[in-house]
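K.L.:
Need the 3D shape of this:
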Amino acid sequence: MSDEDAGIVLYSGSCRGYSKLTTSASGEVISSYRGLALPLKQDEWENDTTPQEGDKVVLNKGSFVEYGEVIDRMPGNLGTHLLWKYVRN
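P.N.:
Got it, this is the predicted structure:
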C-alpha cells in the first residue's frame, strides 16, 4: 500500500485478504471489493501514515500485481482491516 503522489509506503509485508466480485449495471465490467487484514492495530499506526480513504493500494499477489484504492478502514481483532476496490478489464 502506498501514497504514490508523495512516494510514501504505508505498509509493506504479509497480510490476509478476501475478495467479493460484482458486475456493473451493464454487466460489462467486473469490479472487486477486497479486504486486507493488516497485522497492525489502530493505535500502532503513526499519525502521518494511517491508511485513509482514497490511498492507493498496490498488492503483489504471486506472479501478478493488483492496483486499487482504499474505501474504508476498520479495526479488527488482530489488526487493521482495509476495504479497497479495483477494476479488471
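K.L.:
pLDDT-wise, which helix or strand of this structure ranks last?
P.N.:
In the chain, no helix or strand scores lower on mean pLDDT, DSSP states H and E than strand 2-3, which sits at a mean of 50.
K.L.:
Can you name the element that comes right after that one?
P.N.:
On the C-terminal side of strand 2-3, the closest following helix or strand by DSSP states H and E is strand 8-9.
K.L.:
Residues in contact with the helix or strand following that following strand: which ones?
P.N.:
Next in sequence after strand 8-9, counting helices and strands by DSSP H and E, comes strand 16-23. Strand 16-23 is contacted from outside by 29-37, 59, using C-beta atoms under 8 Å, 6 or more residues apart in numbering. (C-beta placed from N, C-alpha, C; glycine too.)
K.L.:
which of the residues you listed tops the neighbour count?
P.N.:
Leu36 (22 neighbours; other C-beta atoms under 10 Å).
K.L.:
The helix or strand hosting it pairs with which strands, and in what direction?
P.N.:
Using DSSP H and E, Leu36 falls within strand 30-38. The strands that strand 30-38 pairs with in its sheet are strand 16-23 (antiparallel), strand 80-88 (antiparallel) (by DSSP bridges).
K.L.:
thinking again about what came up before, next, give me the two most distant ones among the contacts of strand 16-23.
P.N.:
Spatial extent of the contacts of strand 16-23 (C-beta to C-beta) is set by the pair Val29 and Ala37 at 26.5 Å.
K.L.:
What is the distance between stretch 38-54 and the centre of its chain?
P.N.:
12 Å (C-alpha atoms, centre = their mean, to the nearest Å).
K.L.:
What of stretch 20-38?
P.N.:
For stretch 20-38, the distance from its own C-alpha centre to the chain's C-alpha centre is 13 Å (C-alpha atoms, centre = their mean).
K.L.:
Please report the distance of Ala37 from Glu28.
P.N.:
Going from Ala37 to Glu28 by C-beta to C-beta, to the nearest Å gives 31 Å.
K.L.:
Next: Thr22.
P.N.:
13 Å.
K.L.:
Return the set of buried residues in stretch 60-71.
P.N.:
66, 68, 70 (16 or more other C-beta atoms under 10 Å).
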